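Novice: Here is a sequence with its predicted model. Questions after.
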Amino acid sequence: MARVELVWSPQAGDVQQRWLDVEEGSTLESALRGCADFMAAQGEPLAQLRVGIWGRVRPLSTPLRERDRIEVYRPLTVDPKEARRLRYAKRGERIVSRHRPRSRSE
């Protein structure tokens with residue numbers, strides 16, 4: 001038996017995590033199908049999901065190893081650049097990076 005972690009986010013701000021005990025050599029697909037909580041929350045077929053291990057997208061046929069972290073990725077709802085513009089408009093002030101020194105004119 002191998003123990004793997006399954007992490008997914010059904011909606012923004014909500015992260016679900018489960019530890020699964022799977023047979024040695026099990027695939028991503030078999031692990032996902034074996035988690036009832038995950039399958040109940042899913043509205044899409046498994047073949048349409050973007051799934052990865054430790055931040056790297058992998059096919060569903062990928063064999064799992066002990067302590068792998070399976071991550072299920074949601075599609076982006078807002079372009080990251082647009083989200084930054086919206087935060088700027090809401091705050092009403094310039095967002096300054098900590099890594100870039102301010103110029104003297106600011």
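Specialist: That came through fine. Numbers count the residues shown, from 1 in each chain.
Novice: who's in contact with residue 92?
Specialist: For residue 92, no contacting residues are found, by Cβ atoms under 8 Å, 6 or more residues apart in numbering. In this view, the C-beta of every residue, glycine as well, is placed from N, C-alpha and C.
Novice: pLDDT score for it?
Specialist: pLDDT recorded at residue 92 is 72.
Novice: One more: residue 32?
Specialist: 88.
Novice: Buried residues of whichever helix or strand it is part of, list them for me.
Specialist: In the assignment (DSSP states H and E), residue 32 maps to helix 28-34. When burial is assessed from 16 or more other Cβ atoms under 10 Å, helix 28-34 yields the following buried residues: 28-29, 31-32.
Novice: Farthest pair within those residues?
Specialist: Greatest spatial distance among those (Cβ to Cβ): 29 and 31, at 7.3 Å.
Novice: circling back: what sits up against the helix holding residue 32?
Specialist: The contact list for helix 28-34 (Cβ under 8 Å, 6+ apart) reads 4, 6, 20, 22, 38-39, 46, 49, 51, 53, 58-62, 64, 70, 72.
Novice: Could I have the CA atoms of it written out in PDB?
Specialist: The C-alpha trace of helix 28-34 is given here as PDB (Å, rounded to 0.1, in the frame of the first residue of the first chain):
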ATOM      1  CA  LEU A  28      -3.900   8.900 -10.900                       C
ATOM      2  CA  GLU A  29      -7.200   7.900 -12.400                       C
ATOM      3  CA  SER A  30      -7.800   4.900 -10.100                       C
ATOM      4  CA  ALA A  31      -6.900   7.100  -7.000                       C
ATOM      5  CA  LEU A  32      -9.300   9.800  -8.100                       C
ATOM      6  CA  ARG A  33     -12.100   7.300  -8.700                       C
ATOM      7  CA  GLY A  34     -11.400   5.700  -5.300                       C
END
